[in-house]
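> coordinates for the following, if possible.
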Amino acid sequence: MSLTLPAGVALPVTASALVLAQQPGNGDNGGQGEDFGKSSPVGFLVLILFLIAVAFLVRSMTKHLKRVPASFDDPPAEEAKADDPPAEAAAEPEKKQPNGASPAKSD
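Prediction:
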């Protein structure tokens with residue numbers, strides 16, 4: 001199987017390829033003037049300010065990440081203690097007030 005173009009199609013395809021491959025003339029540089037690609041001192045200052053801001057953000061992030069625990073799972077020993085009520089509260093019965101009001105808690 002050969003991939004050749006018929007003679008009637010080859011000439012227009014070749015001509016259109018030549019037209020599309022031409023470089024722009026001297027009058028049109030495609031918006032690229034003499035100063036294209038050059039930076040100004042203001043742009044350099046903005047770049048420096050962004051780099052300083054990123055440095056402060058990284059510093060803040062590392063401080064916050066140092067405070068994060070290695071695991072958010074509770075150890076088994078602490079879970080057992082948290083499920084049991086405190087011994088002092090269980091041993092001491094609530095006392096009723098003479099006027100029928102519940103005792104005030106001092107938490």
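> same for the helix or strand hosting residue 8, what does it pack against?
In this structure, residue 8 is located in helix 7-20 according to DSSP states H and E. Where contact means 3 or more C-beta pairs under 8 Å, 6 or more residues apart in numbering; DSSP states H and E, helix 7-20 is not packed against any helix or strand. Glycine gets a C-beta too; all of them are placed from N, C-alpha and C.
> quick one: mean pLDDT over that helix.
Averaging pLDDT along helix 7-20 gives 73.
> again, but for stretch 57-68
95.
> and it, what's buried?
For stretch 57-68, burial by neighbour count (16 or more other C-beta atoms under 10 Å) applies to no residue.
> now do the helices in this structure.
Along the chain, counting by DSSP state H, helices occupy 7-20, 41-67, 76-83, 87-91.
> would you reformat those helices as a markdown table and include distance to residue 35?
Below are the helices of the chain laid out as a markdown table (distance: least, C-beta to C-beta, whole Å):
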| stretch | distance to residue 35 |
| --- | --- |
| helix 7-20 | 29 |
| helix 41-67 | 12 |
| helix 76-83 | 67 |
| helix 87-91 | 79 |
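> to residue 34, which of those lies closest?
helix 41-67 (17.0 Å; C-beta to C-beta).
> so how far is residue 55 from residue 61?
Remark: distance between residue 61 and residue 55 (C-beta to C-beta, to the nearest Å) = 11 Å.
> can you check residue 4 too?
Counting by C-beta to C-beta, the gap from residue 4 to residue 55 is 62 Å.
> and those two? Which one has more around it.
Just comparing residue 4 and residue 55: by other C-beta atoms under 10 Å the higher neighbour count belongs to residue 55, 10 against 6.
> and the more buried one, how far from residue 77?
With C-beta to C-beta as the criterion, residue 55 and residue 77 are 42 Å apart.
> same deal with residue 67?
Taking C-beta to C-beta, one finds residue 67 at 23 Å from residue 77.
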